[in-house]
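S.K.: what follows is a predicted structure for the sequence shown.
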Amino acid sequence: MQKIPPAIIKSLVAKRLWWSSSQNSSRRWIIILLNVVILLLCGQKHTSIASDSNSEVFSTLEQKLSPASLSLLGDVTSQAAIEREMRLVLNLSERKLYLYQGKKQTESYSVSVGKATTPTPTGEFTIFQMVENPVWEDPWTGEIHPAGEDSPLGLRWIGFWTDDENYIGFHGTPTISSLGEASSNGCVRMRNEDVLALFEQVDIGTSVTVEP
């Protein structure tokens, strides 16, 4: 058997050690790069969720709409709504909102309704959303209006129509001069004191009839 000179053995060992070290170094770099990619992806996902969450909070109170008649009768009637027998009738031509308990009219409110280009939809609907001190983001400018009596949504929001993008409901307004007029973007504006009182009388599931 031919002996391998010691110098060659040392050279082979050195090359093996270098190759092993090179492989380990490459693996370390691959692991580091993978970790960086994972962190970046996680960061993007977190940002997206946060943005979507903020959008959802404010978009539930949008006033822009696609004019149409759409009924929202569904499985949203609460037990309280059934027991109290409250119902609302909105007469667009009179600019009046009437509150009934059973067949008895208990209250009437002067309101502002949608203008000709953005009319309040007519038909049979159901209250599906009630919000205290709503925050509103203007869907056209992106400006955020904090909650309060000077907010375009006033002190309460009571939603009864949606096409899953736009929402219409009863809400307060600081612009009481618009009451009795067809001047809104589809929503029903009320005095803050009136919408506060109404909020205590209705429930999720209360029926809303909108007449021409």
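M.R.: Yep, that arrived.

S.K.: what about Gly169, which helix or strand?
M.R.: With the criterion set as DSSP states H and E, the secondary-structure element containing Gly169 is strand 167-172.

S.K.: how about Ser108?
M.R.: Using DSSP H and E, the element containing Ser108 is strand 104-110.

S.K.: and that strand, what's buried?
M.R.: Applying a neighbour-count criterion of 16 or more other CB atoms under 10 Å, one finds Tyr109, Ser110 buried in strand 104-110. Where you see a C-beta, it was placed from the backbone N, CA and C, and this is true even at glycine.

S.K.: same check, this time on stretch 172-181
M.R.: Buried positions in stretch 172-181, judged by neighbour count with 16+ other CB under 10 Å: Gly172, Thr173, Pro174, Leu179.

S.K.: if we can go back for a sec, strand partners (parallel or antiparallel) of the strand holding Gly169?
M.R.: Using DSSP bridges, the strands paired with strand 167-172 are strand 156-162 (antiparallel), strand 188-190 (parallel).

S.K.: could you give the mean pLDDT of that strand?
M.R.: Mean pLDDT, strand 167-172: 97.

S.K.: buried residues in that strand, which are they?
M.R.: Residues of strand 167-172 classed as buried under the neighbour-count rule (16+ other CB under 10 Å) are Tyr167, Ile168, Gly169, Phe170, His171, Gly172.

S.K.: hang on, the third one packs against Phe128?
M.R.: Put plainly, it is Gly169. No. In this structure, Gly169 sits apart from Phe128 without contact. The criterion is CB atoms under 8 Å, and the distance is 9.1 Å.

S.K.: common neighbours of these two, please.
M.R.: Listed as contacting both Gly169 and Phe128 by CB atoms under 8 Å, 6 or more residues apart in numbering are Gly159, Phe160.

S.K.: tabulate the strands paired with strand 167-172 (TSV), appending mean pLDDT.
M.R.: Below are the strands paired with strand 167-172 laid out as TSV (pLDDT from 0 to 100):
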stretch	mean pLDDT
strand 156-162	97
strand 188-190	98
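
S.K.: looking at those strands, which is buried most?
M.R.: Sort the strands paired with strand 167-172 by mean neighbour count, taking mean count of other CB atoms under 10 Å, and strand 188-190 sits at the top with a mean of 27.

S.K.: who's in contact with it?
M.R.: By CB under 8 Å, 6+ apart, the surrounding residues in contact with strand 188-190 are 90, 97, 109, 111-113, 120, 154, 168-173, 175, 178-179, 198.

S.K.: can you check stretch 96-113 too?
M.R.: Counting by CB under 8 Å, 6+ apart, stretch 96-113 makes contact with 84-92, 95, 119-120, 170, 173, 178-184, 188-191, 194, 197-198, 201-202, all of which sit outside it.
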